[in-house]
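Participant: from the sequence below, what's the structure:
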Amino acid sequence: MESWYGRVLAMVIGVLLLAGPEGLVPLAPTRATAQDGASTRGGDERSASAESAGDANAPKVDARESFFRWMVRASGPIGVLIAAMSFYLIALVVWMALRYRTSAALPRRLVREVQELLDQKRYSDAYSRAAADPSLFGRVLSAGVRKLSSGVAQAQRSMEMANEDATMEMEHRTTYLATVGTLGPMIGLVGTVYGMIMAFRVIATEGSSPQASQLAAGISTALFATLEGIAISIPAIYFYSFFRNRIARLSLEVAMAAEPLLEQFAPGVKPQEPAAPSTATPMPMPGTGSHPHPFALNAALAASAGAAPRSALPPAHSE
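Facilitator: Numbers count the residues shown, from 1 in each chain. Predicted coordinates for the structure are as follows:
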């Protein structure tokens with residue numbers, strides 16, 4: 001699993017390096033290509049100079065600008081927002097990948113140590129070892145052992161409730177992935193509408209002869225926003241389903257591993273005895289206040305302690 005994470009990280013770093021100043025696909029021909037084609041464009045210099053005079057107000061594009069830089073420039077504020085969501089998505093996926101795995105939820109070392117302590121009849125040490133571990137297995141097993149004095153059925157029910165509570169807590173965190181997967185296309189759609197508005201604004205202000213470069217700027221903003229929104233939505237939905245299935249599998253594995261150990265705790269736990277009926281304390285007489293009489297309170301305490309009531313008269317002397 002760790003090698004898989006390393007390969008993915010290496011691929012991401014490689015893409016970012018390729019997307020540098022000289023990376024990916026250049027938008028315009030390089031300087032060598034321009035020099036090779038200079039002879040073929042010699043007769044069109046005058047017409048090109050005339051057209052360049054008309055495009056003086058058009059945005060300048062660097063001849064060596066990479067595809068990545070063009071995408072960042074064309075995306076605008078919508079691209080910044082989607083980039084922030086993508087970093088949040090990556091951090092959330094890495095955190096879940098480290099927490100929601102078998103070695104973290106069901107440590108084999110913990111299971112082995114608890115089993116060894118139970119084999120040695122050290123029930124108290126086994127319970128302390130399980131309760132001190134923050135893993136899902138430790139939480140579930142310790143919750144069942146605490147209720148074992150009420151019976152095995154009650155202990156199993158308590159263990160199931162602890163497992164369901166921890167599982168629901170993990171599933172709630174996966175909803176953040178679903179939120180990113182839902183908001184990504186919506187934000188991309190906002191960028192699409194914004195780019196189209198900018199393109200038609202050029203047509204409305206320039207009249208019947210708008211500049212193609214100005215139209216392309218708005219259309220590229222719209223298309224890049226759509227691409228980025230879909231690109232962030234696909235991995236978010238995939239990892240949402242992936243981690244939901246992993247959580248369900250971890251919950252089942254923990255329940256199957258904790259139930260046999262819970263039965264081994266039973267000989268070391270004393271069953272809870274039913275409480276003996278206690279003598280009811282006499283209610284105070286109406287009008288005497290909420291506190292009972294001191295002698296009545298002493299008599300009730302003596303009766304609960306099993307002591308014989310003292311006589312109000314002194315003992316008779318034997319002749």
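
Participant: tell me which helix or strand Arg73 sits in.
Facilitator: Using DSSP states H and E, Arg73 falls within helix 67-99.

Participant: for the helix or strand following that helix, which positions count as buried?
Facilitator: Next along the chain after helix 67-99, taking DSSP H and E as the criterion, comes helix 102-105. For helix 102-105, a neighbour-count test (16 or more other C-beta atoms under 10 Å) marks Ala105 as buried. To be clear about C-beta, it is placed using only N, CA and C from the backbone, and glycine gets the same treatment.

Participant: what sits up against helix 102-105?
Facilitator: Applying C-beta atoms under 8 Å, 6 or more residues apart in numbering, the external contacts of helix 102-105 come out as 98, 135-137, 250, 253-254.

Participant: now the buried members of the residues you listed.
Facilitator: Neighbour counting with 16+ other C-beta under 10 Å marks 135-137, 250, 254 as buried within these.

Participant: of the contacts of helix 102-105, which is the nearest to Met198?
Facilitator: Proximity of the contacts of helix 102-105 to Met198 (C-beta to C-beta) peaks at Leu98, which lies at 42.5 Å.

Participant: against Phe243, how distant is the closest one?
Facilitator: Plainly put, Leu98 is 12 Å away from Phe243 if you go by C-beta to C-beta, to the nearest Å.

Participant: and for Ile237?
Facilitator: As judged by C-beta to C-beta, Ile237 and Phe243 stand 11 Å apart.

Participant: and for Ser233?
Facilitator: 16 Å.

Participant: follow-up on the earlier one: just checking, what packs against the helix holding Arg73?
Facilitator: Here helix 67-99 is seen to pack against helix 152-206, helix 212-265 when contacts are counted using 3 or more C-beta pairs under 8 Å, 6 or more residues apart in numbering; DSSP states H and E.

Participant: let's have those helices in JSON lines, adding mean pLDDT.
Facilitator: Converted to JSON lines, these look like this (pLDDT from 0 to 100):
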{"stretch": "helix 152-206", "mean pLDDT": "89"}
{"stretch": "helix 212-265", "mean pLDDT": "90"}
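
Participant: I'd like the contacts of helix 102-105 as CSV, with distance to Arg157 appended.
Facilitator: Shown next, in CSV, are the contacts of helix 102-105 (distance: C-beta to C-beta, whole Å):
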residue, distance to Arg157
Leu98, 31
Ser135, 21
Leu136, 18
Phe137, 18
Leu250, 20
Glu253, 20
Val254, 16
